[in-house]
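1. A predicted structure for the sequence below; I have some questions about it.
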Amino acid sequence: MDANQGFTSSDERKKYTGRRLVVLGNSSNFQSINSQAEEVSLRLASSKDYPNNTGGYQEAFREADGLVFERFGIAVINQDHEEQINRLTTSATSRETFLYSEPERFVYALGPERLGLWQRICALFLPKKPSPPPVSDKISFEDDNEAYWGIHAVKAMSANYSGKGVKIAILDTGFNLSHQDFQDRTIVSESFIPEETVDDLNGHGTHCTGIAAAGMNRENNGRYGVAKDSSIYIGKVLSNAGSGSDSSILAGLEWALTNSCKVVSMSLGASISQGESYSKIYNDLAKKLMDEGLLIIAAAGNDSNRSSGIISPVSHPANCPNIMAVGALDNDMTIADFSCAGVNAEGGEVNLAAPGVDIFSAYKSPENYRRLSGTSMATPFVAGLAALLWEEFPNASPAEIWAKLEQNAYKLPFPLRDVGKGLAQTKN
């Protein structure tokens, strides 16, 4: 089977949906928002009026001109309403309610990447990057009868905590609800993809969930999950084809916050160009969520081809300063060839690195298990470690958990732009 099955290449990915995200004033209520919108012939709906189930929020885009996520202070407006949005954000009577807007992006499961056309052309002419010099204190990890190498790398086996009682939300392609390793676990789930159930026909979401929260592989008793006693919340925000939009992400984040989740793992994103800034809307939202007790951890992206000298910037939304971005390492603690880096001047840093090459975890049926590579795999390792910390420090804020994750990291002999504070681990 093709390792890229279920994922679109960079060449095939659309960037914008045609809708726009609009930030709303903090003091605005829905009645006031809708009243001002109606003055420019826009009719808005509230996410409170639509159920958090399959396609519920999407119904609003068919019945109205846009949807307001009241808890977040963000409206998503259908395409072909740019003129009305401009009037709302510039008019003296409404600009304090409708502050600014950004185009809505498509987002994708960050699976094993195939190089885009331009990268392939560049790779033909760029000289091969020489191998880095050997590191004298190099460490490496291997699978054994006790656990898979990634679990050893993050020191999960020696942790005094298991994430018990901590709610982890995995926003991805869903989950294989029939998987044998999770039959004794309580899983709360919702689909935000129209006409698709939570059941994961892609495999990406199941794989990420396994890394964050599984226990043992029941076929050989090897451990492959970090927070084995955490509470699992599955939000299907990407289709079985591995694609979604900012709207589906917002719906999933609203659901995770409503359910009092502590950490959100998002192995998804959209490619960012050299020099492109982060989304101010996402960054402000991430700060708001941190203030309400929710930490977002996201994949740095797989657009690089380091062996050919191509190092690409951290993807959206991981490039936001208030979202923890995770890069990928192999079992020899070398930076994964595909792992993106903090190369943009404004935002886009990598905060931590984690195992992301040849990672064993749960998968869709009928395979049930598979090895995958990507910053997608690195991200749930850190999400699982965050859950361990929250069990130990139940009253800690997201900012404090962030700081503890960085304090516990094993320093690596690579630039901060590539691995941040280093290899994410439990206490050294």
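-> Received it, and whenever you're ready, just let me know what you need.
2. And the helices in this structure?
-> Here the chain has its helices, by DSSP state H, at 30-38, 56-63, 82-90, 117-125, 149-153, 204-213, 246-258, 280-291, 375-392, 398-407, 416-419.
3. Now for Val76, how many residues are close by?
-> 25 (other CB atoms under 10 Å). Placement of C-beta: from N, CA and C, glycine included.
4. er, Pro394 actually
-> The burial count for Pro394: 10, using other CB under 10 Å.
5. rewinding a little: quickly compare the helices of the chain and say which is most buried.
-> helix 204-213 (a mean of 32; mean count of other CB atoms under 10 Å).
6. Quick one: mean pLDDT over that one.
-> Averaging pLDDT along helix 204-213 gives 98.
7. Quick one: list the elements packing against it.
-> Applying 3 or more CB pairs under 8 Å, 6 or more residues apart in numbering; DSSP states H and E, one finds that helix 204-213 makes contact with strand 167-172, strand 231-236, strand 359-362, strand 369-372, helix 375-392.
8. Can you check which of the ones you listed gets nearest to Thr197?
-> Nearest to Thr197 among the helices and strands packed on helix 204-213 is strand 231-236; the distance by CB to CB comes to 7.8 Å.
9. Tell me which other helices or strands the closest one touches.
-> For strand 231-236, the packing partners by 3+ CB pairs under 8 Å, 6+ apart come out as strand 167-172, strand 187-191, helix 204-213, helix 246-258.
10. Off-centre distance for the third one?
-> Spelled out, that is helix 204-213. Distance of helix 204-213 from the chain centroid (CA atoms, centre = their mean, to the nearest Å) equals 12 Å.
11. try the shortest one
-> Centroid displacement of strand 187-191 relative to its chain, using CA atoms, centre = their mean, is 17 Å.
12. Could you do the first one as well?
-> Here strand 167-172 shows a centroid-to-chain-centroid distance of 9 Å under the convention CA atoms, centre = their mean.
13. and it, which strands flank it?
-> Under the criterion DSSP bridges, strand 167-172 sits next to strand 231-236 (parallel), strand 263-266 (parallel) in its sheet.
14. angle of the longest one against helix 204-213?
-> When axes from the mean of the first three to the mean of the last three CA atoms, to 10 degrees is applied, the directions of strand 231-236 and helix 204-213 differ by 160 degrees.
15. What mean pLDDT does strand 231-236 get?
-> On average, strand 231-236 scores 98.
16. residues in contact with that strand?
-> Residues from elsewhere that reach strand 231-236 (CB atoms under 8 Å, 6 or more residues apart in numbering): 165-175, 182, 185-193, 196-198, 200, 205, 209, 213, 252, 255-256, 259, 261.
17. Quick one: buried ones out of the residues you listed?
-> Buried by 16 or more other CB atoms under 10 Å: 166-175, 182, 187, 189-193, 196, 198, 200, 205, 209, 213, 252, 255-256, 261, out of the contacts of strand 231-236.
18. what pLDDT does the residue most central in space within the chain get?
-> Taking CA atoms, centre = their mean, the centroid of the chain lies closest to Met266, which sits 1.8 Å from it. Looking at Met266, its pLDDT is 98.
19. swap in the one 3 residues further on?
-> pLDDT, Gly269: 94.
20. tell me the contacts of it?
-> Counted by CB under 8 Å, 6+ apart, Gly269 has contacts 107-108, 110, 298-299, 301, 315-318.
21. of the residues you listed, closest to Thr379?
-> For these, the nearest to Thr379 is Ala299 (4.5 Å; CB to CB).
22. The closest one and Ile323, how far apart?
-> 10 Å (CB to CB, to the nearest Å).
23. Leaving aside the residues adjacent along the chain, what's closest to the residue nearest to the centre of the chain?
-> Ala298 (4.4 Å; CB to CB, 6 or more residues apart in numbering).
24. Does the one you found touch Val326 like I think?
-> Yes - the criterion here is CB atoms under 8 Å, and Ala298 meets it with Val326 at 7.2 Å.
25. Could you save the helices and strands packed on helix 204-213 as TSV and add columns showing distance to Asp418?
-> Output for the helices and strands packed on helix 204-213, formatted as TSV (distance: least, CB to CB, whole Å):
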stretch	distance to Asp418
strand 167-172	25
strand 231-236	30
strand 359-362	19
strand 369-372	21
helix 375-392	12
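26. tell me the domain boundaries of this structure?
-> 10-105, 117-122+141-419 (automatic domain parsing).
27. Least reliable of these by average pLDDT, please.
-> Per-stretch mean pLDDT for the domains of the chain is lowest at domain 10-105 (a mean of 88).
28. Check the offset of stretch 304-319 from the chain's centre.
-> The chain centre lies 16 Å from the centre of stretch 304-319; the measure is CA atoms, centre = their mean.
29. Quick one: end-to-end length of it, please.
-> 15 Å (CA to CA, to the nearest Å).
30. What are the buried residues along it?
-> Neighbour count says stretch 304-319 has 304-306, 308, 310-319 buried, by 16+ other CB under 10 Å.
31. And Gly356, how far from Ser267?
-> Distance from Gly356 to Ser267, by CB to CB: 10 Å.
32. err, Ile234, not the other one
-> Plainly put, Ile234 is 13 Å away from Ser267 if you go by CB to CB.
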